[in-house]
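A.B. asks: have a look at this prediction, sequence included:
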Amino acid sequence: MKMKETRMEITHRIRLCKACGMCSKSCPAQINIPEALGIYKEYLAGDMGILEKLDEMESPGKPVDCIECGACSANCPDGMDVKELVRELAMMQSCRRLMLSRPGGQEIWRPAAAGREV
């Protein structure tokens, strides 16, 4: 991946995903990668609050659990660099968790969402 890839370029790469599930079937961390990429697509469309859904994914594994083995990319029939996209999501998920808590477990920041005060 290029160092300064634009949001439009990333969105285009994610749209190439046909959600066939081959990546998830090969994932030792049991991440539902098509679901995670769907969340990423909504985030890129401007829904900043959607990242909380990464922690709510129904699969046993979340992007932050990725061990970067590359099995997802190796099994993608379209040759997508799935591992890189999951890595980006894992970084966003980790940063979000750090921003939401501090010692003692109190929230210090939460993005505003419709119907919820900041």
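C.D. replies: That came through fine.
A.B. asks: C-alpha from now on. contacts and neighbour counts both.
C.D. replies: Will do.
A.B. asks: where in the chain is pLDDT low?
C.D. replies: Scanning the chain for pLDDT under 70 picks out 1-5, 101-118.
A.B. asks: spell out the residue ranges of the helices in it.
C.D. replies: Under the criterion DSSP state H, the chain contains helices at 7-15, 22-25, 33-44, 71-74, 82-100.
A.B. asks: enumerate the positions of the last one that are buried.
C.D. replies: Looking back up the chat, that one is helix 82-100. Val82, Lys83, Leu85, Val86, Arg87, Leu89, Ala90, Met92, Gln93, Arg96 (16 or more other Cα atoms under 10 Å).
A.B. asks: for the first one, which non-adjacent residue is spatially closest?
C.D. replies: Read it as Val82. Ser73 (4.9 Å; Cα to Cα, 6 or more residues apart in numbering).
A.B. asks: and the gap between the one you found and Asp55?
C.D. replies: According to Cα to Cα, to the nearest Å, Ser73 and Asp55 sit 23 Å apart.
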